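Okay, predicted coordinates and the sequence, questions at the end:
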Amino acid sequence: PSQLSAFVDHTSRRIHELYDTKLIANECAKYDVNVSTPSYLSYLFTVHRRVQNRLNTETASDSAENKCCGECCCGRASAEAVVAQLCESFADRGYCGNGNACTFSHCVEMVVRRDESVPTAKLTNDEITRRKNVRRYQQSIKTTESAKKEVLESEKSMEQKHSAGFDAFCTGYVFASQKEMYHDHVRNMKNKIKVGSKAPIILLESSLFNEIEK
């Protein structure tokens, strides 16, 4: 719809409730110091998949808990080596301008494990400064022409592999886990959305002025 009022009208007729999983994650991080601030979909899915695995498994083997994911770029590296070489831009935002040409790790599993060890709310000022400096250094590294070509090719490949259905599954999985873990906070987020990191929270509901006009 061209206007927000039309969008609200359409959704109120067809959808009983709306929830924004990214907004829920951001709000929960304000109240729970053990919740880290990244809220991109692959990060949230990995976090809640690990939480549910722990709940559904009485004893997790050390080998399963400590090994790196086998399908990422660092599948054959140790966990310690991967954490030491994480791309800080990707770890924070889920995006890196260098794509697959980046010489640092984009392993979401390792990002989550690092945050489980020390959540972002518990980071010292020295560690926050160190990560910022590492990010600046990583961003200053120039990619070669061949690397840039690889980035373009990888982006095309990602477009082909992208599945809206899988994204929908991940979003539903995250929401179900959030509802189980943070029921009260989730209820407070009913019909609230956020369209940008610095944008205000929008509440989708019928305007009282519409009732007055009627």
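Arrived safely, thanks for sending.

do you know how far the residue most central in space within the chain is from residue 21?
The chain has residue 40 as the residue nearest its centroid, 2.0 Å off, counting by Cα atoms, centre = their mean. With the distance defined as Cβ to Cβ, to the nearest Å, residue 40 ends up 11 Å from residue 21. For every residue, glycine as well, the C-beta is placed using N, CA and C.

buried residues in stretch 115-132?
Of all the residues in stretch 115-132, those buried under the rule 16 or more other Cβ atoms under 10 Å are 115, 119, 120, 131.

Same check on stretch 21-41?
21-29, 35-36, 38-41.

Dump that stretch to PDB, restricted to CA.
The C-alpha atoms that make up stretch 21-41 are tabulated as PDB, following Å, rounded to 0.1, in the frame of the first residue of the first chain:
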ATOM      1  CA  THR A  21      11.500 -10.900  16.000                       C
ATOM      2  CA  LYS A  22      14.300  -8.500  15.600                       C
ATOM      3  CA  LEU A  23      12.600  -5.900  17.800                       C
ATOM      4  CA  ILE A  24      11.800  -8.600  20.400                       C
ATOM      5  CA  ALA A  25      15.500  -9.500  20.500                       C
ATOM      6  CA  ASN A  26      16.600  -5.900  20.900                       C
ATOM      7  CA  GLU A  27      14.100  -5.300  23.700                       C
ATOM      8  CA  CYS A  28      15.000  -8.500  25.500                       C
ATOM      9  CA  ALA A  29      18.700  -7.500  25.400                       C
ATOM     10  CA  LYS A  30      17.800  -4.400  27.400                       C
ATOM     11  CA  TYR A  31      16.400  -6.500  30.300                       C
ATOM     12  CA  ASP A  32      18.600  -9.600  30.200                       C
ATOM     13  CA  VAL A  33      22.400  -9.000  30.500                       C
ATOM     14  CA  ASN A  34      22.900 -12.500  29.200                       C
ATOM     15  CA  VAL A  35      21.300 -11.700  25.900                       C
ATOM     16  CA  SER A  36      23.700 -10.200  23.300                       C
ATOM     17  CA  THR A  37      22.700  -7.400  21.000                       C
ATOM     18  CA  PRO A  38      23.200  -8.700  17.500                       C
ATOM     19  CA  SER A  39      19.700  -9.400  16.000                       C
ATOM     20  CA  TYR A  40      20.300 -10.500  12.300                       C
ATOM     21  CA  LEU A  41      18.300 -13.600  11.400                       C
END
